[in-house]
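Peer 1: Here is my input; please provide its structure:
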Amino acid sequence: MTEPITTVDGIAYPFGRKNVDTDVIIPAHYLKTITRAGLGRGAFETVRAEAGNVFDDPAYAGAPILIAGDNFGCGSSREHAAWALNDMGVKAVIAPSFSDIFSSNAFKNGIVAVVLPQAAVDRLMEVAKDHPITVDLETRTVTTPFQDRFTFEIDPFRRECLMKGQDEIGLTLAMGDAIGGFEKGMAEARPWL
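Peer 2: Presented below is the predicted three-dimensional model:
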């Protein structure tokens, strides 16, 4: 089970870079761990080495939203990238596009991946410099204190799972009785198996 999400509200990292791959999100030398705890400290390590980076700016510390550029999460299939974002406290990422594998890993780890047009992302980058943003899964909107309202599409199954805090293990466990009944029936019908 993951934490149910209906809204993500707060300050946002106005990052905005395009083509940020999973190696930038969490460098390979952090992949030796099998635990999720502490990966947030290594997140965006190469970006944090740059003077004046947004991730070390106290104004954005603990931001639950990350605003990124086009093709966020490209590169290798690295679930550690979603783990690192979660460990940083990020619950939603807004970008013009995501790599499919990152989007899937984000969903499986309770992170909302919101796709918006570049013009909307540009506006949110400006707002995020000084004001909070709200991502609402129920209404499928991203709003600002300035009455900006951007709608987004999300797969209905993913939306429901995020709102209920269900992951693949939780969905399987919820079907325990049905699975047990099927297995019992198979054992009776085909005892040789």
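
Peer 1: quick check, distance from the top helix by length along the chain to the centre of its chain.
Peer 2: In the chain, taking DSSP state H as the definition, the longest helix is helix 176-189. Computed by C-alpha atoms, centre = their mean, to the nearest Å, the chain-centroid distance of helix 176-189 equals 36 Å.

Peer 1: buried set for that helix?
Peer 2: Of the residues in helix 176-189, none count as buried by neighbour count, 16 or more other C-beta atoms under 10 Å. The C-beta positions use only the backbone N, C-alpha and C, and glycine is treated the same way.

Peer 1: Dump it to PDB, keeping only the CA atoms.
Peer 2: Taking Å, rounded to 0.1, in the frame of the first residue of the first chain, the C-alpha atoms of helix 176-189 are listed here in PDB:
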ATOM      1  CA  GLY A 176      -7.000 -13.200  -1.900                       C
ATOM      2  CA  ASP A 177     -10.300 -15.000  -1.400                       C
ATOM      3  CA  ALA A 178     -10.900 -15.200  -5.200                       C
ATOM      4  CA  ILE A 179      -7.300 -16.400  -5.800                       C
ATOM      5  CA  GLY A 180      -7.700 -19.000  -3.100                       C
ATOM      6  CA  GLY A 181     -11.000 -20.200  -4.500                       C
ATOM      7  CA  PHE A 182      -9.500 -20.600  -7.900                       C
ATOM      8  CA  GLU A 183      -6.500 -22.500  -6.600                       C
ATOM      9  CA  LYS A 184      -8.800 -24.800  -4.600                       C
ATOM     10  CA  GLY A 185     -10.900 -25.400  -7.700                       C
ATOM     11  CA  MET A 186      -7.900 -26.100  -9.900                       C
ATOM     12  CA  ALA A 187      -6.500 -28.600  -7.300                       C
ATOM     13  CA  GLU A 188      -9.800 -30.500  -7.300                       C
ATOM     14  CA  ALA A 189     -10.300 -30.400 -11.100                       C
END
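
Peer 1: Run through who's touching that helix.
Peer 2: 172, 193 (C-beta atoms under 8 Å, 6 or more residues apart in numbering).

Peer 1: can you give me the helices for the chain?
Peer 2: 22-25, 45-48, 79-88, 100-108, 118-128, 156-164, 168-174, 176-189.
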